[in-house]
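Structure here, sequence nowhere to be found:
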């Protein structure tokens with residue numbers, strides 16, 4: 001990958017020019033040191049706008065393909081490449097992550113040089129977050145040579161997965177420290193900050209939530225420490241109101257655009273039968289009321305999903321006899337915010353860590369709160385919510401809470417978020433009736449993605465072998 005990234009100063013002059021410049025992006029100028037159409041020395045708050053917008057969009061972009069592996073989504077055509085674990089080219093997602101990290105490197109350098117420590121903390125956190133997206137998807141990746149060692153290296157070597165994990169953890173911890181400083185010269189701007197709108201205390205809570213997620217991700221490793229996870233969570237979100245919200249788009253929310261395109265026969269956003277059966281009573285014998293707030297009934301008045309790899313088996317694709325992403329859902333409507341981590345997810349991280357620590361009561365309390373808050377977020381009525389929470393298959397009591405039940409409920413909470421695929425792999429796909437795709441190219445579930453074509457073309461001497469895509473990543477093995 002040609003990496004003179006930190007020499008490319010790509011940012012925004014202000015919110016007024018946000019839509020045009022975000023769409024043009026930096027791809028056309030990726031290999032140029034300077035371009036007269038780009039701002040060469042942008043204000044720090046303009047850089048903040050770029051950073052917060054790109055991070056949220058990258059969450060959605062990665063969710064756009066990992067949701068097929070988590071079987072939230074399915075291809076309406078038989079033997080779709082992503083559905084069936086074929087080698088796919090995800091150059092766009094790779095490039096967008098590196099464009100964002102390049103901007104963040106520039107933001108970090110500038111913020112430190114002028115004493116804008118709150119901005120520095122945000123930049124470090126978002127760098128860690130997107131570095132995690134990359135390494136959780138592909139494994140080893142360019143980082144130290146790409147950004148920090150030599151600005152003139154055009155074909156950087158790859159850092160191994162564990163090193164990238166440690167680098168991300170260092171960034172998070174340093175970012176928290178920077179956000180806590182009181183001697184900053186420039187405060188986060190309410191308008192330029194598209195996630196927390198200038199609220200440094202809110203950013204600190206997000207940072208601790210992301211830290212807990214990283215710490216919990218290594219649950220298979222001997223170094224896993226549930227106490228450290230819980231300690232981080234003590235400083236993270238305490239309600240839905242703490243969540244970040246990014247809803248500045250050119251047009252509408254990208255998930256809603258998928259729904260619009262689907263209605264216009266540009267097919268996408270079909271829901272997997274695994275997710276639909278998870279919710280409609282088929283798998284667990286209990287209808288989850290959230291299904292009506294996630295998707296819409298078919299023309300037959302029921303909820304039917306599409307089997308991954310099999311494709312649509314009903315009538316013509318235009319009939320709507322299977323379920324799709326809905327514009328009526330608060331997560332996927334035209335103006336829905338993109339949120340990189342939610343309060344309900346944090347409660348399930350707490351439930352898992354407390355369970356592994358042996359604190360069954362804390363685990364159970366967090367588990368119930370995770371379900372309740374997710375239903376509240378989706379708009380489920382209090383009576384339907386409470387009926388579900390009181391059902392004996394859900395209200396099992398602290399002594400009967402299991403990891404399977406925690407992961408089962410968390411699966412609904414992380415709908416369309418790329419973190420769901422991390423959970424799938426950590427739990428070894430051990431969800432009730434979770435099936436391999438039809439006509440799968442692997443003998444077992446997918447564990448990582450093949451390196452993108454763009455990277456193989458630019459940095460072929462350093463790109464590792466893909467190996468079999470069912471080989472676990474570093475954190476996904478003991």
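Looks like it arrived, so ask away. Computed from a predicted structure; not experimentally measured.

Is residue 308 in a helix, a strand, or coil?
coil (DSSP: H, G, I helix; E, B strand; the rest coil).

check contacts around residue 389.
For residue 389, the contact set (C-beta atoms under 8 Å, 6 or more residues apart in numbering) comprises 368, 371, 372, 395. All C-beta spots, glycine's among them, are computed from the backbone N, C-alpha and C.

in this structure, which residue is closest to the centre?
residue 418 (3.7 Å; C-alpha atoms, centre = their mean).

Now that one. Nearest residue, chain neighbours left out?
Once flanking residues are discounted, residue 418 sits nearest to residue 62: 4.1 Å by C-beta to C-beta, 6 or more residues apart in numbering.

tell me the mean pLDDT over the helix or strand that neighbour falls within?
Taking DSSP states H and E as the definition, residue 62 sits inside helix 44-69. The predicted model assigns helix 44-69 a mean pLDDT of 98.

Moving C-terminal from that helix, which element do we reach first?
strand 73-74.

which residue ranges form the strands in this protein?
73-74, 141-142, 158-159, 270-271 (DSSP state E).

Partner strands of the second one and their direction?
Right, strand 141-142. Strand 141-142 has its sheet partners listed here by DSSP bridges as strand 158-159 (antiparallel).

Show me how far the strand it pairs with is from its chain's centre.
Mean C-alpha position of strand 158-159 versus that of the full chain (C-alpha atoms, centre = their mean, to the nearest Å) differs by 22 Å.

Next: stretch 465-478.
Its chain's C-alpha centre and that of stretch 465-478 lie 20 Å apart, by C-alpha atoms, centre = their mean.

How far does stretch 464-477 sit from its chain's centre?
Computed by C-alpha atoms, centre = their mean, the chain-centroid distance of stretch 464-477 equals 20 Å.

what about that stretch, start to end distance?
End-to-end distance of stretch 464-477 (C-alpha to C-alpha, to the nearest Å): 19 Å.

That stretch: which residues count as buried?
Buried residues in stretch 464-477, defined by neighbour count with 16 or more other C-beta atoms under 10 Å: 469, 473, 474, 475, 476.

Quick check, the last one in contact with residue 423.
Pointing back at residue 476 there. No - the pair residue 476 / residue 423 is not scored as a contact, 10.9 Å apart, by C-beta atoms under 8 Å.

re the thing from before, what distance do you get for the residue nearest to residue 418 to residue 378?
22 Å (C-beta to C-beta, to the nearest Å).

and if you look at residue 115?
42 Å.

quick one: which of the two has more around it?
Applying other C-beta atoms under 10 Å to residue 115 and residue 378 shows that residue 378 carries more neighbours, namely 21 against 13.

Was I right to think that one contacts residue 326?
No - with contact defined as C-beta under 8 Å, residue 378 does not count as touching residue 326 (11.2 Å).

Could you pull out the residues contacting both of the two?
Common neighbours of residue 378 and residue 326, using C-beta under 8 Å, 6+ apart, are residue 294.

and the closest residue in space to residue 285 that isn't next to it in sequence, how many residues sit next to it?
Residue nearest to residue 285 in three dimensions, not counting chain neighbours: residue 393, with 7.3 Å by C-beta to C-beta, 6+ apart. Neighbours of residue 393 under the rule other C-beta under 10 Å: 10.

Next up, the contacts around residue 393.
284, 285, 286.

Neighbour count, pLDDT and distance to residue 363 for the residues you listed - can I get that in a markdown table?
Below are the contacts of residue 393 laid out as a markdown table (neighbours: other C-beta atoms under 10 Å; pLDDT from 0 to 100; distance: C-beta to C-beta, whole Å):
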| residue | neighbour count | pLDDT | distance to residue 363 |
| --- | --- | --- | --- |
| 284 | 17 | 98 | 20 |
| 285 | 8 | 98 | 24 |
| 286 | 15 | 98 | 21 |
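
Just say which of the strands of the chain is most tucked in.
Comparing these by mean neighbour count (mean count of other C-beta atoms under 10 Å), strand 73-74 comes out on top with a mean of 30.

Name the residues that touch it?
Contact with strand 73-74 is made by 67-68, 80, 83, 268-273, 305-309, 311, 325, 416, as judged by C-beta under 8 Å, 6+ apart.

Just give me how far that strand sits from the chain centre.
The answer for strand 73-74 is 16 Å, by C-alpha atoms, centre = their mean.

re earlier: generate a ChimeraX selection restricted to the buried subset of the contacts of strand 73-74.
Buried members of the contacts of strand 73-74, defined by 16+ other C-beta under 10 Å, are picked up in ChimeraX with:
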select :67,68,80,83,269,270,271,272,273,305,306,307,308,309,311,325,416
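
Per-residue pLDDT of residue 7, please?
31.

related to what we said a few turns ago, need the strands of the chain in JSON lines (columns: distance to residue 197 and mean pLDDT).
Output for those, formatted as JSON lines (distance: least, C-beta to C-beta, whole Å; pLDDT from 0 to 100):
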{"stretch": "strand 73-74", "distance to residue 197": "31", "mean pLDDT": "98"}
{"stretch": "strand 141-142", "distance to residue 197": "31", "mean pLDDT": "98"}
{"stretch": "strand 158-159", "distance to residue 197": "34", "mean pLDDT": "98"}
{"stretch": "strand 270-271", "distance to residue 197": "33", "mean pLDDT": "98"}
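
now the ones you listed in CSV, with distance to residue 407?
Shown next, in CSV, are the strands of the chain (distance: least, C-beta to C-beta, whole Å):
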stretch, distance to residue 407
strand 73-74, 19
strand 141-142, 27
strand 158-159, 30
strand 270-271, 19
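
Relative to residue 221, which of the ones you listed is closest?
Across the strands of the chain, the minimum distance to residue 221, taken as C-beta to C-beta, is reached by strand 158-159, at 17.8 Å.

Kindly reformat the contacts of residue 393 as a markdown table containing distance to residue 49.
As requested, these are exported to a markdown table (distance: C-beta to C-beta, whole Å):
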| residue | distance to residue 49 |
| --- | --- |
| 284 | 43 |
| 285 | 48 |
| 286 | 44 |
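
show me the contacts for the residue nearest to residue 281 when sequence neighbours are not counted.
Nearest non-adjacent residue to residue 281, counting by C-beta to C-beta, 6+ apart: residue 287, 4.2 Å away. Neighbour list for residue 287: 279, 280, 281 [criterion: C-beta under 8 Å, 6+ apart].

what about residue 287, distance to residue 279?
Residue 287 sits at a distance of 7 Å from residue 279 (criterion: C-beta to C-beta).

Poorly predicted segments of the stretch 1-150 of the chain, please.
1-40 (pLDDT under 70).

Would you agree residue 196 is in contact with residue 202?
Yes - Residue 196 is within contact range of residue 202, at 4.1 Å (criterion: C-beta under 8 Å).

what sits in contact with each of the two?
With C-beta under 8 Å, 6+ apart as the test, residue 196 and residue 202 both reach residue 244.
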